[in-house]
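S.K.: Would you be able to build a 3D model of this:
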Amino acid sequence: MSAFEKMDRREALKLAGGALLCLQLPAAEPGAPLFFTRDEFALLDKLTELIIPADEHSPGAHAAGVAAYIDRTVAEAYVPDEKTSWRKGLAAIGELLQPSDVQPADVLTKLAAKEKDPQTEAEKFFTQLKQTTAFAYYSSSVGIHQEMGYLGNVILQEFRGYEAN
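M.R.: Numbering: from 1, shown residues only. Prediction:
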């Protein structure tokens, strides 16, 4: 009779528990980016907030968690090119922000001016960044409820929208 055949249920559970402890992976640091490095994530958060800033009407992209949404989406992307395009694009914009006295808003304004005919990596990436930022923001609770005032599926007594003229 082998050692496994002689083992009782209690010993088998101890062995299985020990094996599971060995297989546990370290937990991710709470709040840490899933895909981007901390520096990339900080740049992404800054850029998305510049695209949709907080104002007197509603919070901006930072409060809506747009950078975290993009980070999670890119981390879960199946196609490797999706991950590569974000990394290259952020790096290209990061290069434009050197030296450190360059204003990020000025860089985005220049990139937006080239949006119809992008030539450089940063110019091409800007459209992707802007579209994803808008999608993530207006899909969030902040964007849809606070910014747009969407009340949900309710019957309204009167129309409070915009008149198309």
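
S.K.: Show residues contacting the longest helix along the chain.
M.R.: In the chain, assigned by DSSP state H, the helix with the most residues is helix 121-139. In this structure, residues lying in contact with helix 121-139 by Cβ atoms under 8 Å, 6 or more residues apart in numbering are 47-48, 51-52, 61, 64-66, 69-70, 73, 85-86, 88-90, 92-93, 95-96, 108, 111-112, 114-115, 118, 143-144, 147-148. To be clear about C-beta, it is placed using only N, CA and C from the backbone, and glycine gets the same treatment.

S.K.: What of stretch 88-95?
M.R.: 36, 40, 43-44, 47, 107, 111, 120-122, 124-126, 128-129.

S.K.: Tell me which residue lies nearest the centroid of this protein.
M.R.: residue 70 (1.9 Å; Cα atoms, centre = their mean).

S.K.: Give the buried residues for the helix or strand harbouring it.
M.R.: Residue 70 belongs to helix 66-75 when assigned by DSSP states H and E. Across helix 66-75, burial judged by 16 or more other Cβ atoms under 10 Å covers 66, 67, 68, 69, 70, 71, 73, 74.

S.K.: so where's the chain uncertain?
M.R.: Applying pLDDT under 70 to the chain flags the ranges 1-7, 12-13, 15-28, 165.

S.K.: got the residue ranges for the strands in it?
M.R.: In the chain, no segments count as strands under DSSP state E.

S.K.: Now do residue 130: how many residues are near it, please.
M.R.: 18 (other Cβ atoms under 10 Å).

S.K.: Likewise for the one 3 residues further on?
M.R.: Other residues within reach of residue 133, judged by other Cβ under 10 Å, total 23.

S.K.: before we move on, back to that, got the angle between the helix holding residue 70 and helix 121-139?
M.R.: 110 degrees (axes from the mean of the first three to the mean of the last three Cα atoms, to 10 degrees).

S.K.: Give me the distance from helix 66-75 to the chain's centre.
M.R.: 2 Å (Cα atoms, centre = their mean, to the nearest Å).

S.K.: Residue 9: which of the contacts of stretch 88-95 is nearest?
M.R.: When the contacts of stretch 88-95 are compared for distance to residue 9 (Cβ to Cβ), residue 36 wins out at 46.9 Å.
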